[in-house]
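1. Build me a model:
(one chain, ligands or ions: 1)
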Amino acid sequence: MKPNEQIEQVVRTLSNSPNTVVVTGAGISTEAGIPDFRGPNGIYRQLGEDRVMNIINIHTFNQNPALFYDFYRQHFVLPPVEPSKAHYILAEMEKSGFIKGIVTQNIDGLHEKAGSRRVVAVHGNSEQYVCTNRHCRELYGRDKVEPQTSGVPTCEQCGSVLKPDVILFGEPIKHFTDAQDMIMSARTLLVIGSSLTVYPVAGFVKAFSTFYQDLIIINRGPTQLDHAALVKIDRPNTGETLEEIYYYLNRTGK
Ligand SMILES: [Zn+2]
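-> Take a look at the predicted model:
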């Protein structure tokens, strides 16, 4: 079997790149069974974006955490899922030195679960809860907090309210500088499963692409930066595409 031209170009680019960084969005996690909140059947469409934004909001959380938690439990707490093939292959690619790290817009913690080590999760991680007392900041796994199905969970150490460790509307993204530095220092950027519409990460990728570095996009459907990409792969299954790339990368070596 011979790779097609696109795969061949991706493999060539990755094997020659001294610093490849990956940016992931919802598209990689839908393959693990996680719904795309912003997709056509996502909660934003079902309930109306205004309603979601009014409750999943830092001000509502601070003023009425009970209301926040009722809504959050009902719509955002999902049964645990396993990483997809794509998550596992990215973890392997990091171990074998083909990629340096991942900047993700996803909050599901699946990259970490698959074994990726350097992950910058700009929207946080819904696998954990954090104490809102700035002098405490104790972290709790979801298995510790989510069995409580009503009321507001509190910290065992200090009694303060716990918050899902994800950014809510009205909050700045996490690790802004780390994400920006990681993306801007890359020689090759591999974007997977993101239509590149959510800022600021989309802005970092755009800035990267204006320096004429190598941008590779694997996404189902169009993205905002298709025109700037060296290669754009539009296929239904990201896991299989990455598997193919990784197979030929290993044969080419580094
Ligand atoms: Zn605490």
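
2. what does the average pLDDT come to for the lengthiest helix in the chain?
-> Using DSSP state H, we find that the single longest helix of the chain is helix 238-252. Rounded to a whole number, the mean pLDDT of helix 238-252 is 94.

3. helices and strands around that helix, which ones?
-> With contacts defined as 3 or more Cβ pairs under 8 Å, 6 or more residues apart in numbering; DSSP states H and E, helix 238-252 has these neighbours: helix 5-16, helix 85-95, strand 214-218. (Glycine included, C-beta is placed from N, CA and C.)

4. The host helix or strand of Phe71 - contacts with which helices or strands?
-> Per DSSP states H and E: Phe71 is located in helix 65-75. With contacts defined as 3+ Cβ pairs under 8 Å, 6+ apart, helix 65-75 has these neighbours: helix 49-55, helix 58-63.

5. Just the CA coordinates for the longest one, please, in PDB.
-> What follows is the C-alpha trace of helix 49-55 in PDB, where atoms were taken according to Å, rounded to 0.1, in the frame of the first residue of the first chain:
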ATOM      1  CA  GLU A  49     -27.200  29.900  23.500                       C
ATOM      2  CA  ASP A  50     -28.500  32.800  25.600                       C
ATOM      3  CA  ARG A  51     -29.900  30.500  28.300                       C
ATOM      4  CA  VAL A  52     -26.700  28.400  28.500                       C
ATOM      5  CA  MET A  53     -24.600  31.600  28.600                       C
ATOM      6  CA  ASN A  54     -26.700  33.100  31.400                       C
ATOM      7  CA  ILE A  55     -26.300  30.100  33.700                       C
END
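
6. The chain should start at 11 in everything you say after this.
-> OK, 11 is where the count begins now, so the last one is helix 59-65.

7. And the helices and strands packed on helix 248-262: which comes nearest the ion?
-> helix 95-105 (31.3 Å; Cβ to the ion).

8. And the average pLDDT for the helix or strand just after the closest one is what?
-> Counting by DSSP H and E, the next helix or strand C-terminal to helix 95-105 is strand 111-114. In this model, strand 111-114 has an average pLDDT of 98.

9. Kindly report the same for stretch 199-216.
-> On average, stretch 199-216 scores 94.

10. Straight-line length of that stretch, end to end?
-> Start to finish, the residues bounding stretch 199-216 are 11 Å apart (Cα to Cα, to the nearest Å).

11. Give me the domain ranges for the protein.
-> Here the domain assignment for the chain is 15-44+93-133+183-262, 53-89+138-176, based on automatic domain parsing.

12. The last one near the ion at all?
-> Yes - using Cβ under 5 Å from the ion, a contact is recorded between domain 53-89+138-176 and the ion, made by Cys141, Asn143, Cys146, Glu148, Cys165, Gln167, Cys168, Ser170.
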